[in-house]
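Asker: Provide a 3D model corresponding to the input given below.
(chains A and B)
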Number of protein chains: 2
Amino acid sequence: MFVLTEVLQHWMLKLAVDDTMQKALELVMTKTEHSEELSEHHERVIRQDHDFIRNLESVFRRGIAEGLFRSDLDPAVCAATFMALCSGLARLNINHPSELDMAKHCTMVSDIFFSGVKAPSTRSE
Amino acid sequence: MFVLTEVLQHWMLKLAVDDTMQKALELVMTKTEHSEELSEHHERVIRQDHDFIRNLESVFRRGIAEGLFRSDLDPAVCAATFMALCSGLARLNINHPSELDMAKHCTMVSDIFFSGVKAPSTRSE
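Answerer: Got it, this is the predicted structure:
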């Protein structure tokens, strides 16, 4: 769980401070299909995303087996939802940069997601 | 809460079955900046998204005030996270259509998000 929390928070912090990554993401997410030069890169990103989702799935599967995450969840659905959240945050940062202060609120956003997936017995209220 | 759950599930069901919307989203999310004809539409979508986030924020604010949602959450952060999730799901559906069966898993995805934001007292385990 801590690894995934770090992944999400690290991602949001990068979105907040890394201008180069921001520009690269903007290219990848909005412009790659329109340039022959970049279309190959677009394919590569899709493959990398796919590998990332498979890795996430195995982390969630393990977390469920270890009782950290809710046993009623499907690890593939958790992984896809986590991936969707990461990519949606990147998009929000491109189109609506003032809507969410990524650096300031990365803890709260990851807390929303992980409170949703963690097993009731691990909750500390 | 029920309204928001319905919004998210309805969105995922639309992603699953509405080919016209899927094509429109693909245009809006990946191609609008490259066409003069569509760039005006892109601006409009950004404004609509902004209004949608403001509406979400007021729903979350009310839900927090009524004790349905966690009192330690910021309604603006909840709204931005919800929006990011919706747009990330749309993107996943474009780039990785086989990763998540939107129709089959809309309940589980919305359950992950809403379990993360709802107040401990409303949890039924």
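
Asker: To which secondary structure element is A:H105 assigned?
Answerer: helix A:102-117 (DSSP states H and E).

Asker: which helices and strands does that helix pack with?
Answerer: The contact analysis (3 or more Cβ pairs under 8 Å, 6 or more residues apart in numbering or on different chains; DSSP states H and E) places helix A:102-117 against helix A:2-17, helix A:75-95, helix B:75-95, helix B:102-117. C-betas here are computed from N, CA, C, even on glycine.

Asker: Return the alpha-carbon coordinates of that helix using CSV.
Answerer: Extracted in CSV, the C-alpha atoms of helix A:102-117 (Å, rounded to 0.1, in the frame of the first residue of the first chain):
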residue,chain,number,x,y,z
MET,A,102,-1.0,18.8,-7.1
ALA,A,103,1.8,19.4,-4.6
LYS,A,104,-0.4,20.7,-1.8
HIS,A,105,-3.2,18.1,-2.2
CYS,A,106,-1.4,14.9,-3.2
THR,A,107,-1.8,13.4,0.3
MET,A,108,-5.5,14.1,0.3
VAL,A,109,-6.1,12.6,-3.2
SER,A,110,-4.1,9.5,-2.4
ASP,A,111,-5.9,9.2,0.9
ILE,A,112,-9.3,9.3,-0.9
PHE,A,113,-8.2,6.5,-3.3
PHE,A,114,-6.6,4.3,-0.6
SER,A,115,-9.3,4.8,1.9
GLY,A,116,-11.6,3.4,-0.8
VAL,A,117,-9.5,0.2,-1.4
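
Asker: how far is that helix from where the chain is centred?
Answerer: Relative to the mean C-alpha coordinate of its chain, helix A:102-117 is positioned 11 Å out (Cα atoms, centre = their mean, to the nearest Å).

Asker: what does it contact?
Answerer: A:1, A:4-5, A:8-9, A:12-13, A:15-17, A:60, A:63, A:69-70, A:73, A:78, A:81-82, A:85, A:89, A:93, A:100, A:123, B:70, B:73-74, B:77-78, B:80-81, B:111-117 (Cβ atoms under 8 Å, 6 or more residues apart in numbering or on different chains).

Asker: now for the helices and strands packed on helix A:102-117, which one comes closest to B:E26?
Answerer: helix B:75-95 (5.3 Å; Cβ to Cβ).

Asker: what angle sits between that closest one and helix B:102-117?
Answerer: 160 degrees (axes from the mean of the first three to the mean of the last three Cα atoms, to 10 degrees).

Asker: List the buried residues of helix B:75-95.
Answerer: Residues B:75-93, B:95 are the ones in helix B:75-95 that count as buried (16 or more other Cβ atoms under 10 Å in any protein chain shown).

Asker: out of those residues, which touch chain A?
Answerer: Contacts with chain A within these, counted by Cβ under 8 Å from any Cβ of the partner chain: B:76-78, B:80-81, B:83-89, B:91-92, B:95.

Asker: Among those, which one lies nearest to A:H50?
Answerer: B:N95 (9.0 Å).

Asker: out of everything not next to it in sequence, what's closest to the closest one?
Answerer: Nearest non-adjacent residue to B:N95, counting by Cβ to Cβ, 6 or more residues apart in numbering or on different chains: A:I46, 5.6 Å away.

Asker: Alright, calling it a day.
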